[in-house]
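Asker: okay, predicted coordinates and the sequence, questions at the end:
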Amino acid sequence: MEKNLIIYNSLTREKTPFIPNNPPHVGLYVCGPTVYGDAHLGHARPAITFDILFRYLRYLGYKVRYVRNITDVGHLEHDADEGEDKIAKKARLEQVEPMEIVQHYLLRYHHAMERLNVLPPSIEPHASGHIIEQIAFVEKILAAGYAYESHGSVYFDVEKYNTKFHYGKLSGRNVDELLETSRQLDGQSEKRRSTDFALWKKASPEHIMRWASPWGEGFPGWHLECSAMSMKYLGETFDIHGGGMDLMFPHHECEIAQSCAAIGHESVRYWMHNNMITINGQKMGKSLGNFITLEEFFSGSHALLTQTYSPMTIRFFILQAHYRSTVDFSNEALQSSEKGLERLLEAYSRLQKLQPAGDSTTACIEVAGLRNRCMEAMNDDLNTPIVISHLFDAVKAINTVADGKATLRATDLEELKSVFSLFINDLLGLHASDNAADSNATEAYKKAIDLLLEMRLQAKQNKDWATSDRIRNALTALGFTIKDTKDGFEWSL
Ligand code: ZN
């Protein structure tokens, strides 16, 4: 298959043709969650963005090794190296083992991802399971001269690093300015300057998660796990590193610095970042009271929500924006996604029932070009909103045919079915209901209504108006709309 995928590389700030280092293999690393609370809308976006990439790369014929890490140690409250470990704090407050916190929230995270139809990655490594690799990584950086030990901790020397490499190139920070201000501010700390970041932290006596190291008992700095685990599973050079834009600085900037310092060159060939989600124009945050978990969306149990939203509505809502644009959540926006998705899936199900007309009839839509138009949009940096708009053009045509106002040739009908199944189910990962049990029940229910309406049709043919009216009136009373067509009937609820 021809592969014309172009992706925007956040490092070069350019759209670039995607050519893997070692085709057909593709290495993909995405920063996963810190598991100390329930997943929220902000977790859904990177998960869905890179799920689309994963699905599309596999469709293009690549053998993708997708690594998404689990942060279960070292992520301190103030992101870099200050404050208490987020998981240890929760464990202290709830008087449980830190790994109980991790297990609890990881199961819930997996459940939410499954409901969003996010495929599991190939490997999901835990930071706490890769302490040996992280210690070895620190030793490499120390040996190269870009880190220093101080009171049992090891810090990355940003100023020294910046004499040979360029710290700040990903996030566009002006490092001279950073170093200048930090020179004036520092003095008391065990760090030489505030821009330096921890590779290894000495554990205070009350710190629960701790491991022996050449520098005493401690734990790894947050940025280190991604460098160590991506290198372990994807090698010293790998294709794509993804994550949310909020991770560009300091997290990804530090990852680049760690790799360059340890091995002399960058590991990542393409950096991809999804933009953020705002709620009614505001950043999401616990203190702002607009922090809505995915579970709360699914159950409608948050004060800001006027109704429940299905996982598929959330998924569709996210895919209706390009991953590099911001998305603003509101009830109105989600309700319109809900309606849009319904219209798309309804047309998809109508499509299955269409009968082809003879080959002599003219096609009412340009079916032949649809697949290519959708593919072009996917190739253009995963432009899912454009894919969706092409599918909606086809929805109009399907409805015209279903209403008997136009016809489709057999070959066009088959092509439409194939394009819809590929893009809606396989690549966008959308489906009609949340789980297989629901979908079986829905199927059985549809067949039961069809059966009733067939009995009504038979009654009409036998001029048994009493039975025919009884079925029609009973279904109408239950809220069904029944339409007689030339082939039989159509119904909706
Ligand atoms: Zn990371």
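Answerer: In hand now; what should we look at?
Asker: what about the residue nearest to residue 370 when sequence neighbours are not counted, how many residues nearby?
Answerer: Nearest non-adjacent residue to residue 370, counting by C-beta to C-beta, 6 or more residues apart in numbering: residue 419, 5.4 Å away. (Each C-beta comes from the backbone N, C-alpha and C, glycine too.) Neighbour count for residue 419, taken as other C-beta atoms under 10 Å: 21.
Asker: could you tell me how many residues sit around the residue in the stretch 201-350 of the chain that the ion sits nearest to?
Answerer: Nearest residue of the stretch 201-350 of the chain to the ion: residue 226, at 3.3 Å (C-beta to the ion). Burial measure for residue 226: 28 neighbouring residues, criterion other C-beta under 10 Å.
Asker: next up, the contacts around it.
Answerer: Residue 226 is in contact with 29, 31, 69, 251, 255, counting by C-beta atoms under 8 Å, 6 or more residues apart in numbering.
Asker: tell me the helices and strands packed up against the helix or strand the residue nearest to residue 370 falls within.
Answerer: Residue 419 belongs to helix 410-420 when assigned by DSSP states H and E. The helices and strands touching helix 410-420, judged by 3 or more C-beta pairs under 8 Å, 6 or more residues apart in numbering; DSSP states H and E, are helix 331-353, helix 367-379, helix 384-402.
Asker: distance check, the residue of the stretch 201-350 of the chain closest to the ion against residue 14.
Answerer: Using C-beta to C-beta, to the nearest Å, residue 226 is found at 24 Å from residue 14.
Asker: and what of residue 265?
Answerer: Distance from residue 265 to residue 14, by C-beta to C-beta: 20 Å.
Asker: cool, residue 166 as well?
Answerer: Taking C-beta to C-beta, one finds residue 166 at 17 Å from residue 14.
Asker: in the stretch 351-493 of the chain, which residue sits nearest the ion?
Answerer: residue 382 (20.6 Å).
Asker: now the closest residue to that residue other than its chain neighbours: which helix or strand?
Answerer: The shortest distance from residue 382 to any non-neighbouring residue, by C-beta to C-beta, 6+ apart, is to residue 52 (5.7 Å). Following DSSP H and E, one finds residue 52 within helix 41-59.
Asker: buried residues, that helix. List them.
Answerer: Of the residues in helix 41-59, 41-58 count as buried by neighbour count, 16 or more other C-beta atoms under 10 Å.
Asker: circling back: give me the buried entries from the contacts of residue 226.
Answerer: 29, 31, 69, 251, 255.
Asker: now the two most distant members of these.
Answerer: Of all pairs drawn from the buried ones among the contacts of residue 226, the one with the longest distance (C-beta to C-beta) is 29 and 251, at 12.6 Å.
Asker: what's near enough to touch residue 201?
Answerer: Contacts of residue 201 by C-beta under 8 Å, 6+ apart are 74, 81, 153, 218-221.
Asker: of all these, which comes closest to residue 300?
Answerer: The closest of those to residue 300 turns out to be residue 74 (C-beta to C-beta; 35.5 Å).
Asker: wouldn't that closest one be in contact with residue 221 here?
Answerer: Yes. Here residue 74 reaches residue 221: they are 6.0 Å apart, a contact under C-beta atoms under 8 Å.
Asker: near the ion, which residues of the stretch 1-150 of the chain?
Answerer: Applying C-beta under 5 Å from the ion, we find that the stretch 1-150 of the chain lies next to the ion at residue 31.
Asker: which stretches of the stretch 1-150 of the chain form strands?
Answerer: Counting by DSSP state E, counting those that start in this stretch, the stretch 1-150 of the chain has strands at residues 6-9, 14-17, 25-30, 63-68, 147-150.
Asker: could you list the buried residues of the fourth one?
Answerer: With burial defined by 16+ other C-beta under 10 Å, the residues of strand 63-68 counted as buried are 64-68.
Asker: would you pull up the residue in the stretch 51-200 of the chain closest to the ion?
Answerer: Nearest residue of the stretch 51-200 of the chain to the ion (C-beta to the ion) works out as residue 69 at 6.3 Å.
Asker: which residues does that residue contact?
Answerer: When contacts are counted by C-beta under 8 Å, 6+ apart, residue 69 touches 29, 31-32, 124-127, 225-226, 229.
Asker: which pLDDT value goes with residue 282?
Answerer: Looking at residue 282, its pLDDT reads 85.
Asker: whoops, residue 448 was the one
Answerer: The model's pLDDT for residue 448 equals 89.
Asker: repeat for residue 436
Answerer: Residue 436 is given a pLDDT of 46.
Asker: same question, residue 289
Answerer: We have a pLDDT of 72 for residue 289.
Asker: and it, how far from residue 75?
Answerer: Relative to residue 75, residue 289 is positioned 23 Å away (C-beta to C-beta).
Asker: residue 117 too?
Answerer: Separation of residue 117 from residue 75 (C-beta to C-beta): 27 Å.
Asker: which one's more surrounded, these two?
Answerer: Between residue 117 and residue 75, counted using other C-beta under 10 Å, the more crowded position is residue 75 (22 against 18).
Asker: so the more buried one touches residue 221, yeah?
Answerer: No. Residue 75 sits out of contact with residue 221 when judged by C-beta under 8 Å, with a separation of 9.6 Å.
Asker: the nearest residue to residue 178 once chain neighbours are set aside: which element?
Answerer: Excluding the flanking residues, the one nearest residue 178 by C-beta to C-beta, 6+ apart is residue 195, at 5.1 Å. Using DSSP H and E, residue 195 falls within no helix or strand.
Asker: check contacts around residue 195.
Answerer: Contacts for residue 195 were tallied using C-beta under 8 Å, 6+ apart; they are 158-159, 167, 175, 178-179, 182.
Asker: and which of those is nearest to residue 279?
Answerer: Here the nearest of these to residue 279, counting by C-beta to C-beta, is residue 178; it sits at 30.9 Å.
Asker: so of the strands of the stretch 1-150 of the chain, which one's packed in deepest?
Answerer: Across the strands of the stretch 1-150 of the chain, averaging neighbours per residue (mean count of other C-beta atoms under 10 Å) puts strand 25-30 on top, at a mean of 24.
Asker: packing partners of it?
Answerer: On a contact count with 3+ C-beta pairs under 8 Å, 6+ apart, strand 25-30 meets helix 41-59, strand 63-68, helix 224-234, strand 238-244.
Asker: and the shortest one, what does it pack onto?
Answerer: In other words, strand 63-68. Strand 63-68 packs on strand 25-30, helix 41-59, helix 224-234, going by 3+ C-beta pairs under 8 Å, 6+ apart.
Asker: likewise the longest one?
Answerer: Contact analysis of helix 41-59 by 3+ C-beta pairs under 8 Å, 6+ apart lists strand 25-30, strand 63-68, helix 98-115, strand 238-244, strand 268-274, strand 277-279, helix 294-299, helix 311-319 as its packing neighbours.
Asker: in the fifth one, what's buried?
Answerer: When neighbours are counted by 16+ other C-beta under 10 Å, the buried residues of strand 268-274 are found to be 268-274.
Asker: report the contact partners of residue 10.
Answerer: Taking C-beta under 8 Å, 6+ apart as the criterion, residue 10 is in contact with 170, 248, 271-273.
Asker: let me know the pLDDT of it.
Answerer: 98.
Asker: so it versus the ion, what's the distance?
Answerer: Using C-beta to the ion, to the nearest Å, we find residue 10 at a distance of 14 Å from the ion.
Asker: do you know how far that residue is from residue 252?
Answerer: Per C-beta to C-beta, residue 10 is found 8 Å from residue 252.
Asker: what residue in the stretch 1-150 of the chain comes nearest to the ion?
Answerer: Proximity to the ion, evaluated over the stretch 1-150 of the chain using C-beta to the ion, is greatest for residue 31 at 3.2 Å.
Asker: hmm, that residue is touching residue 245, no?
Answerer: No. Using C-beta under 8 Å, residue 31 is not in contact with residue 245, being 11.5 Å away.
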